[in-house]
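[1] Sequence plus predicted model, see below.
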Amino acid sequence: MLSHLPRLLLTLAAILGCAAASHAEPVSALTPADSAIIRDVADGAGPSQVITMGKYVLVVDPWNLQIRRYLADDIHSRPAICLFPRTFAPGRVVRTKAGVRLIAEPYGPDGKGGYNLRERSAMTITPAQVRDMPIVGPCRFDIGAVRRTDTPPRIRASDDRSDSASYPLPSGTRAWIAPQGKAGSQVYAVRYAGSLSHGRSLLWWSEVGGEPPAASANGLPPEAGRLMVRQYVGVFDAAGGPPQSVVQIITAHVPPLLPDHVIPKPTKLEKPGLEFISGGTGPHGDAIWIAAANMPDEGRGQFELRRYDLAKFASSSGAEIELVPSANRPEPLADRNDPAPGHDANEDANLAARDNRPASFGQVRKTLQQQIAFRWQFPEDGQAHPCDGRDKCTVAANEDGALGTGPQFTYPVGDDAHPHGGALWVQPRDLVGVRPGTWIQSVPYSIGGVDLADTFAKRLAANYGSDRKTATPDPIGHIGEGMEWHGEDTHYPLGIDCSALIAMVYDVKIRSTGRMVRANVLRGKDGHAYAVPLGPDQGCPEPVQNFADLKPGDILLRNGHVVIFNGFTTVADAPGRSRAMRVFESTSRCGAVCESVYDPTYFAGWWMLRMDHGATDNCPLWLEDRTPKRAGT
């Protein structure tokens with residue numbers, strides 16, 4: 001089974017206060033001590049948090065509103081599962097002496113006529129409550145207002161190393177975190193990941209920036225177009241200071257963008273989750289627990305919970321784990337039939353306009369905020385179609401193209417996972433268990449759906465209103481992965497998915513993310529052809545060369561999900577705390593169109609693209625006037 005797991009490289013190396021670049025110790029191969037399947041990959045997000053609590057490991061999964069409790073010494077036994085309210089969207093973890101607090105920090109209407117960070121809420125999880133969790137049933141964890149102590153600690157420059165960051169440990173001392181990456185790297189965000197034996201702590205941090213590798217002869221940075229962020233987990237002694245050892249977590253291998261080669265693979269999701277790593281000590285000693293995706297070359301794959309034991313590694317040893325074969329060497333473009341456009345005569349005139357494109361994002365942002373503020377009433381019979389009250393079922397189509405179940409629906413509906421039929425209809429997480437007549441906020445997440453608020457309201461009335469013409473309305477939900485519907489006269493689920501959201505707000509054609517990352521060949525000033533993501537049809541995307549160059553309105557893309565960048569912020573909007581990124585998305589994370597806050601590690605290896613609004617097929621040649629910049633925040 002391990003040969004089919006996704007690329008997840010863990011490099012364990014002692015740093016003793018020194019940057020990883022100076023290490024010379026040999027690195028040995030590691031394998032997970034154990035792994036268990038959590039669920040199938042069926043959405044663009046995945047489990048959001050992994051939390052170790054004594055002899056238990058918790059996995060928080062917003063897709064199905066579950067918190068799953070595993071036994072640390074037997075993760076293959078049946079987990080206890082409790083359901084949390086659909087209105088709670090887990091965002092970050094705060095560890096306390098009494099347990100953990102799960103913080104929700106949603107953006108949206110603030111209740112005062114504006115749009116901003118809404119009132120936060122927190123779920124308190126104690127060891128006693130975890131021990132008494134029902135095998136199956138509602139979660140009994142208290143949800144209340146956020147406390148002052150839920151604000152994350154400050155990150156400040158270390159007293160001993162000017163280029164380090166320091167972070168408080170439970171012992172009252174401070175950890176010194178020297179950047180492990182390239183010269184000039186910055187520690188971007190720090191999180192407390194768990195307690196180990198002998199009073200030691202596990203911290204997880206991300207780094208951005210650093211001097212880019214030497215550019216090629218044409219001036220193109222090798223990492224152009226990808227969000228290059230490095231992430232590490234360090235073991236810190238109770239006395240503080242530098243880490244005893246460091247685990248580097250590489251969730252995407254991104255070969256350089258080479259002339260006359262295709263887009264390197266893999267492009268699929270490598271690491272799901274907001275806080276997908278946790279450390280703890282248990283029956284097997286100190287361990288790191290990771291929730292990651294097992295994505296084979298074909299098919300959806302599965303999310304897995306994996307354990308990596310730390311006890312056998314001395315502070316001076318190093319190791320690495322590689323769970324899938326290395327990325328395939330890019331194929332030469334000469335073996336392909338893609339067109340290579342020549343120079344655009346209007347390129348110079350268009351350059352200034354392209355640089356000012358983010359100014360036009362104001363209207364797009366307003367449209368996106370309207371989708372989040374939109375309110376609608378769940379139909380009286382909404383749960384009855386098409387699955388008779390169940391959250392999921394296999395659907396087909398009738399002669400008119402309507403979707404549903406039963407003898408009149410005889411035409412199989414196919415998608416990427418089931419090309420010959422057998423597509424699965426699934427209720428969005430935001431609608432699971434909703435009672436008829438309930439008012440809902442935001443357009444629901446629906447794979448295959450293309451509705452913004454106006455069309456959603458009209459179709460909802462036509463499908464479920466008193467004057468509806470069909471006995472089986474189009475479902476509010478989604479149809480498997482990769483479904484795409486075209487034309488106003490076809491039936492598709494009510495709601496909108498991630499790629500359709502980008503297409504609709506930017507007025508471009510609808511594409512699946514799998515097609516967006518396919519190669520589009522552009523010829524550079526040096527005469528070489530370069531393969532970059534095709535992006536949304538008619539969007540004419542231009543890769544953003546560095547993390548520091550991201551501007552509101554840019555999109556972040558991989559095969560499986562796409563989001564719209566909306567600027568940088570700090571966790572809890574407090575200065576001196578870990579920094580984060582705000583993005584608009586339609587996702588199972590919140591079950592609807594929403595604005596989310598992420599650490600950049602979530603987007604490691606993703607493409608960064610800037611849309612050319614109103615562009616024609618004559619795309620700009622982005623290679624000609626781009627010079628590398630030093631990444632920053």
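    Everything's here; your move.

[2] all helices for the stretch 301-450 of the chain, in order.
    347-355, 361-373 (DSSP state H, counting those that start in this stretch).

[3] What of the chain?
    Counting by DSSP state H, one finds helices in the chain at the ranges 127-131, 347-355, 361-373, 453-464, 498-505, 513-516.

[4] Strands along the stretch 501-633 of the chain, start to end?
    519-523, 529-533, 542-543, 555-558, 561-570, 579-587, 592-598, 607-610 (DSSP state E, counting those that start in this stretch).

[5] closest to residue 49 out of those?
    Closest approach to residue 49 among the strands of the stretch 501-633 of the chain is made by strand 592-598 (13.1 Å; CB to CB). Where C-beta positions appear, they are placed from N, C-alpha and C, glycine not excepted.

[6] roughly how far out does the closest one sit from the chain middle?
    Distance, stretch centre to chain centre, for strand 592-598: 10 Å (CA atoms, centre = their mean, to the nearest Å).

[7] got the CA positions of it in PDB?
    The C-alpha coordinates for strand 592-598 follow below in PDB (Å, rounded to 0.1, in the frame of the first residue of the first chain):
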ATOM      1  CA  ALA A 592     -20.300  27.200   1.000                       C
ATOM      2  CA  VAL A 593     -18.700  30.200  -0.600                       C
ATOM      3  CA  CYS A 594     -16.600  31.700   2.200                       C
ATOM      4  CA  GLU A 595     -13.500  33.700   3.100                       C
ATOM      5  CA  SER A 596     -10.900  31.600   4.800                       C
ATOM      6  CA  VAL A 597      -7.600  32.100   6.600                       C
ATOM      7  CA  TYR A 598      -4.600  29.800   5.800                       C
END
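
[8] in that strand, what counts as buried?
    By 16 or more other CB atoms under 10 Å, the buried positions in strand 592-598 come out as 592-598.

[9] Could you count how many residues lie near residue 73?
    Counted with other CB atoms under 10 Å, the neighbours of residue 73 add up to 11.

[10] so what's the residue nearest to it when sequence neighbours are not counted up against?
    Nearest residue to residue 73 in three dimensions, chain neighbours excluded: residue 283, at 3.8 Å (CB to CB, 6 or more residues apart in numbering). Each residue near residue 283 by CB atoms under 8 Å, 6 or more residues apart in numbering is listed here: 55, 72-73.

[11] hang on, the earlier thing: which of the helices of the chain has the lowest average pLDDT?
    Ranked by mean pLDDT, the helices of the chain bottom out at helix 347-355, with a mean of 41.

[12] quick one: residue 239 and residue 174 touch, right?
    No - using CB atoms under 8 Å, residue 239 is not in contact with residue 174; the gap is 10.2 Å.

[13] Which one of those two is surrounded by more residues?
    Shown here are residue 239 and residue 174; by other CB under 10 Å, residue 174 has more neighbours (19 against 10).

[14] is that one in a bridge, and if so with what?
    residue 168 (DSSP bridges).

[15] pretty sure it is touching residue 157, no?
    No - the pair residue 174 / residue 157 is not scored as a contact, 10.9 Å apart, by CB under 8 Å.

[16] Now the common contact residues for the two.
    Shared contacts of residue 174 and residue 157, counting by CB under 8 Å, 6+ apart, come down to residue 166.

[17] Backbone dihedrals for the nearest residue to residue 388 once chain neighbours are set aside, please?
    Nearest non-adjacent residue to residue 388, counting by CB to CB, 6+ apart: residue 405, 7.7 Å away. Dihedral pair for residue 405: phi -120, psi 160, per degrees, to the nearest 10.

[18] What distance do you get for residue 405 to residue 392?
    From residue 405 across to residue 392, the span is 11 Å (CB to CB, to the nearest Å).

[19] if you count what's nearby, which of these two comes out ahead?
    Using other CB under 10 Å as the criterion, residue 405 and residue 392 rank with residue 405 on top: 18 against 15.

[20] so the more buried one sits right up against residue 398, yeah?
    No - counting by CB under 8 Å, residue 405 does not reach residue 398; the two are 10.6 Å apart.

[21] picking that back up, tell me the one among the buried residues of strand 592-598 nearest to residue 164.
    Once CB to CB is applied, the member of these that ends up nearest residue 164 is residue 598, at 24.4 Å.

[22] In contact with the spatially closest residue to that closest one that is not a sequence neighbour, which residues?
    Spatial nearest neighbour of residue 598, excluding adjacent residues (CB to CB, 6+ apart): residue 581 at 5.2 Å. With contact set as CB under 8 Å, 6+ apart, residue 581 has these partners: 565, 567-569, 597-600, 603.

[23] where exactly do the strands run in the stretch 351-500 of the chain?
    Going by DSSP E, counting those that start in this stretch, the stretch 351-500 of the chain shows strands at 375-377, 392-394, 396-397, 403-404, 411-412, 424-426, 439-441, 478-479.

[24] So for the first one, what gets flagged as buried?
    Residues of strand 375-377 classed as buried by neighbour count (16+ other CB under 10 Å): residue 376.

[25] Tell me how far the residue in the chain sticking out farthest from the centre lies from residue 384.
    Distance from the C-alpha centroid of the chain, by CA atoms, centre = their mean, peaks at residue 467 (40.5 Å). Remark: distance between residue 467 and residue 384 (CB to CB) = 18 Å.

[26] Likewise for residue 206?
    From residue 206 to residue 384 the distance is 46 Å (CB to CB).

[27] Those two: who's more crowded?
    Higher neighbour count among residue 206 and residue 384: residue 206, with 23 against 14, using other CB under 10 Å.

[28] Report the beta-bridge partners for that one.
    So, taking DSSP bridges as the rule, residue 206 has residue 189, residue 231 as bridge partners.

[29] can you pull the contacts of it?
    187-189, 229-232, 599-601.

[30] 6 Å instead, please
    Going by CB atoms under 6 Å, 6 or more residues apart in numbering, residue 206 touches 188-189, 229, 231, 599-601.

[31] hmm, back to that, buried ones among the contacts of residue 581?
    Among the contacts of residue 581, those classed as buried by 16+ other CB under 10 Å are 565, 569, 597-600, 603.

[32] Among the residues you listed, pick out the one closest to residue 425, please.
    Taking these together and measuring to residue 425 by CB to CB, the closest member is residue 598, at 28.6 Å.

[33] how near is that closest one to residue 262?
    Distance from residue 598 to residue 262, by CB to CB: 29 Å.

[34] Check residue 478 too.
    On the measure of CB to CB, residue 478 and residue 262 end up 31 Å apart.

[35] Buried residues, stretch 288-297. List them.
    In stretch 288-297, counting by 16+ other CB under 10 Å, buried: 288-295.

[36] before we move on, what about stretch 136-148?
    139, 141, 146.

[37] could those residues be laid out in a markdown table, adding distance to residue 258 and pLDDT?
    As requested, these are exported to a markdown table (distance: CB to CB, whole Å; pLDDT from 0 to 100):
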| residue | distance to residue 258 | pLDDT |
| --- | --- | --- |
| 139 | 50 | 94 |
| 141 | 50 | 95 |
| 146 | 48 | 91 |
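
[38] Switch those residues over to CSV; also include distance to residue 541.
    Output for the buried residues of stretch 136-148, formatted as CSV (distance: CB to CB, whole Å):
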residue, distance to residue 541
139, 41
141, 42
146, 38
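
[39] Right, I'll leave it there.
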